[in-house]
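>>> Below are the sequence and a predicted model for it; my questions follow.
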Amino acid sequence: MPELPEVETVVRSIRPHLHKKQFNNLIIFWDKTLSGFSQSDAANWLREKSIKQVCRRGKYIILELTTGFITIHLRMTGKLIFNPENKDAPNHLKVRFSFSDGSILDYTDIRKFGRIELVDTLNHLESKLGREPEKCTVSYLSQRFSSRKRGIKSTLLDQSIIAGLGNIYTDEILWKSKIHPETPSKSLSLDEISLVIDNMNATLIDAIQHMGTSFLTFSFENDKRGQYGEQLNIFGRADQPCSVCSSTIQKIRVAQRGTYFCPECQKKH
DNA sequence: ATCTTTACCTGACTGC
DNA sequence: TGCAGTCAGGTAAAGA
């Protein structure tokens, strides 16, 4: 389940291989992955273009081309594999890009939720995304929280406010900040917002250094797995003791997601 | 305008 | 062993 640190890990793993690569062709194996383009239209759009830069915005991987962009969202089970060992189609192959030097970039996706788009500008993407976590200030978040009474977990997951957080890291951040996930967003104090920002950035930086969390299915570069799972304090630890107060960690459902919290450390407002 | 619910998918796991 | 049922979660779209 890729969130910001996992997507950043993928970007760093493929970036050195893709620099200046020129597209030759692409083959679509599942239409919905790349909607809006037929196979031949997509191939024509790509032909002669080459990759200038590989970067990340929220949970999106962005390939900046000589003209236009390819945006890729892995959702839950999407994977990008450069130069697969087996040049035959790997399991769950959905899109195969080939380059003029013969190398290959495969997109596989077990659950078919991921999406790839070919776009001329990033305007549409930018219009739906909030700030990167590292650019969130107390004044920005307090303004965005002020009109919302829904729970803080649901708000932190809202990509139009903060781009990049998902289910695992929101639980970790709220536990470190000692805030109950169902606390109304507008009731957070400025000190609490400041604490959330500090814990958010520290957690994400640490997770990137560990190459993300492979809780269920995440991997990169032919099944390398992230090491941050061992650092998780609260996520996935139902019925285990909280490392701070030894109370039993509980699992509830918040915003349709499995949500872990410590009933002693994280009291409701 | 804000918030909640549903649809999209397959594989891993649970219980009978 | 087999099989039905449940769960996992990011986002768009529909519904409240």
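Yep, it's here. Since we're looking at a predicted model, the values are computed, not measured. Numbers count the residues shown, from 1 in each chain, chains lettered A, B, ... in the order given.
>>> How about the contacts made by A:D120?
When contacts are counted by Cβ atoms under 8 Å, 6 or more residues apart in numbering, A:D120 is found next to A:T67, A:G68, A:F69. C-betas here are computed from N, CA, C, even on glycine.
>>> Okay, it and DNA strand C: tell me how far apart.
Distance, A:D120 to DNA strand C, using Cβ to the nearest atom of the strand, to the nearest Å: 18 Å.
>>> Also A:L190?
Using Cβ to the nearest atom of the strand, one obtains 26 Å as the distance from A:L190 to DNA strand C.
>>> Show the contacting residues for that residue.
By Cβ under 8 Å, 6+ apart, the contact list for A:L190 reads A:V138, A:S142.
>>> same thing but 10 Å
Contact analysis of A:L190 by Cβ atoms under 10 Å, 6 or more residues apart in numbering lists A:V138, A:S139, A:L141, A:S142.
>>> Reformat these as JSON lines; add distance to DNA strand B and pLDDT.
Formatted as JSON lines, the contacts of A:L190 follow (distance: Cβ to the nearest atom of the strand, whole Å; pLDDT from 0 to 100):
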{"residue": "A:V138", "distance to DNA strand B": "19", "pLDDT": "97"}
{"residue": "A:S139", "distance to DNA strand B": "17", "pLDDT": "97"}
{"residue": "A:L141", "distance to DNA strand B": "14", "pLDDT": "97"}
{"residue": "A:S142", "distance to DNA strand B": "14", "pLDDT": "96"}
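>>> Mind checking which of those land in helices?
If you go by DSSP state H, the contacts of A:L190 have A:V138, A:S139, A:L141, A:S142 in helices.
>>> from what I can see the last one touches A:I161, true?
No: look at A:S142 against A:I161 with Cβ atoms under 10 Å: they stay out of range, at 11.6 Å.
>>> Can you give me the separation between the nearest residue to A:G78 once chain neighbours are set aside and DNA strand B?
Taking Cβ to Cβ, 6 or more residues apart in numbering, and ignoring the residues beside it in sequence, A:G78 has A:G114 as its nearest neighbour in space, at 3.2 Å. A:G114 is 10 Å from DNA strand B, where distance means Cβ to the nearest atom of the strand.
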